[in-house]
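Participant: Please find the sequence and the predicted model below.
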Amino acid sequence: MPKLTLLLFLITTTINNIVLAEPVHDARVIIVGSGAAGIAAASKLLQNGFTDVKIIEAENRIGGRLWAVKIGDYMMDMGGQWVHSEEDNVSFELAWPLGLLEHFNYSHVFTTRFFNSSGEQLLPEVLSNITYFYLNLTENSDVNDIAKAESYGDFIVEKMEEYFKRLPEVTDDMKNLILYLFNLVQGSSDGSDDWTKLSPKMPRDYPVCKGDLSINWKERTYTTILDILMKKYPNPTEELPVLKNKISNSKVVKINFDSSDAPVEITTEEGKKYLADHIIVTPSLGVLKADYEKLFNPPLPDKKINAIQKDSKVNSDVKIEDKMKLSQEVENINDTNPNEIIVTTADGNNYTTSNVIITMSLGVLKNYHKKLFNPFTFCSRTCSCTARTEKQINIKLIANPFTTTLLKELTLKS
């Protein structure tokens, strides 16, 4: 049975019901990381009355994968670039109404040419056919056949090697260079440095959103989404003080939540310690894979460890869009299905997930728990409903790979 966990900034209406206590630690809420998830969480907290928020960032900049640099007279995205799709895409929903995006001009004709290091063009017609074969392979192969391979890259290499057998004019050195080039091309599309690190299940299990997949920023970069989240754009006078209490160049190396009575303690690489009532952790899955064993004390629950380790190449249970679902009032949480949880929002949309973090106040639970939760799975297990006085409502909050908040059992008296 999947556990109930719901991202902090999904429940915007419930935050308003939380009574803020006077801060007694370094911060009421500490956010680890200032990528899109961290900036979104801080912005939503500030908008809902949480002023005692601190961000700890390992780098000397914000944005995480959203990073732009100036090359000559132009700003270039070094991370996220295209806005893929128009439906169920929070970036599109935030930026399109502001006139910041445009559809790609497909009237351009692309010609592929290969040159060696001496500037000599190599086998134009043959290499053009090889490129066509590769592109057709990535777009039209049977997804179930791909899923049987050791990795996505292994599938491509095997098929390319079979195709090369029909081309005696292509030398072994040339084959290696072609595969190296296609590996780079694939990496630029999927955010990987090696296609053997890509899950073979990706084409089958990764949902493609509807609409144009090649929407670009007009004269801006993807980092603009951070300005929108912080209310810096379009009106700078309305900017939220997200960065006012940010610590840069400070890598978190330990998160200690081993006492139910004490605050969460965070230790950085330089030895500094910070205390907070709540912590939101927003690392990439790659960072989690590398550091989760030494980062958390006590260790994460088996459910979370299994989610991190599930697929050493791509964890399809954790989706980027889960980080940035904003301004959605939750109407119902149904976990009767043992394989998934269905979260229904006020606008009628359903979201399926395996984990939901619930951070609502006791007042909201008292007033809305019958409507919000599936009656059988929630009420019969926790509050009895007919004898609420002096009853305990125990909600186990899970250490979610993207949002770790209240890493202990929260006991509320009704």
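Facilitator: Ah, there it is.

Participant: For the stretch 1-150 of the chain, give me the ranges with low pLDDT.
Facilitator: 1-25, 107-110 (pLDDT under 70).

Participant: let's see it at 90
Facilitator: For the stretch 1-150 of the chain, the stretches with pLDDT under 90 are 1-26, 79-81, 84, 88, 104-124, 139.

Participant: Does Ser128 touch Thr112 like I think?
Facilitator: Yes: taking contacts as CB atoms under 8 Å, Ser128 lies within contact range of Thr112: 6.0 Å. All C-beta atoms are positioned from the backbone trio N, CA, C, and that covers glycine.

Participant: The two: which is more packed in?
Facilitator: Applying other CB atoms under 10 Å to Ser128 and Thr112 shows that Ser128 carries more neighbours, namely 14 against 11.

Participant: number of nearby residues for the residue lying closest to Tyr106 once chain neighbours are set aside?
Facilitator: Closest residue to Tyr106 apart from its sequence neighbours, by CB to CB, 6 or more residues apart in numbering: Ser214 at 8.0 Å. Ser214 is flanked by 13 other residues according to other CB under 10 Å.

Participant: I'd guessed Ser214 sits against Phe104; true?
Facilitator: Yes: Ser214 lies in contact with Phe104 (CB under 8 Å); the separation is 3.9 Å.

Participant: Find residues that contact each of those two.
Facilitator: Here Ser214 and Phe104 share no contacting residue, scored by CB atoms under 8 Å, 6 or more residues apart in numbering.

Participant: Could you report the pLDDT at Gln392?
Facilitator: Per-residue pLDDT puts Gln392 at 31.

Participant: Then the one 10 residues further on?
Facilitator: You'll see Phe402 listed with a pLDDT of 31.

Participant: chain center to the longest helix anywhere in the chain, what's the gap?
Facilitator: Ranked by number of residues, the top helix in the chain under DSSP state H is helix 172-190. In terms of CA atoms, centre = their mean, to the nearest Å, the centre of helix 172-190 is found 27 Å from the chain centre.

Participant: The helix or strand just after it - contacts with which helices or strands?
Facilitator: Following helix 172-190 in sequence order, the next helix or strand is helix 202-205 (DSSP states H and E). Helices and strands touching helix 202-205, by 3 or more CB pairs under 8 Å, 6 or more residues apart in numbering; DSSP states H and E, are helix 143-147.

Participant: got the angle for the helix or strand just after the helix it packs on vs helix 172-190?
Facilitator: Once helix 143-147 ends, the next helix or strand along the chain (criterion: DSSP H and E) is helix 152-164. Helix 152-164 and helix 172-190 are oriented at 140 degrees to each other (axes from the mean of the first three to the mean of the last three CA atoms, to 10 degrees).

Participant: Residues contacting helix 152-164, please?
Facilitator: Helix 152-164 is contacted from outside by 130, 133-134, 137-138, 141, 145-146, 149, 170, 175, 178-179, 182-183, 186, 194-200, 202-203, 313, using CB under 8 Å, 6+ apart.

Participant: Show me just the buried residues among those residues.
Facilitator: Neighbour-count burial (16 or more other CB atoms under 10 Å) applied to the contacts of helix 152-164 gives 130, 133-134, 137-138, 146, 149, 170, 175, 178-179, 182-183, 186, 195, 197-200, 202-203, 313.

Participant: Sketch out the helices for the stretch 1-150 of the chain, chain order is fine.
Facilitator: Along the stretch 1-150 of the chain, counting by DSSP state H, counting those that start in this stretch, helices occupy 12-15, 36-47, 90-95, 124-140, 143-147.

Participant: what about the third one, distance to the chain center?
Facilitator: In terms of CA atoms, centre = their mean, the centre of helix 90-95 is found 15 Å from the chain centre.
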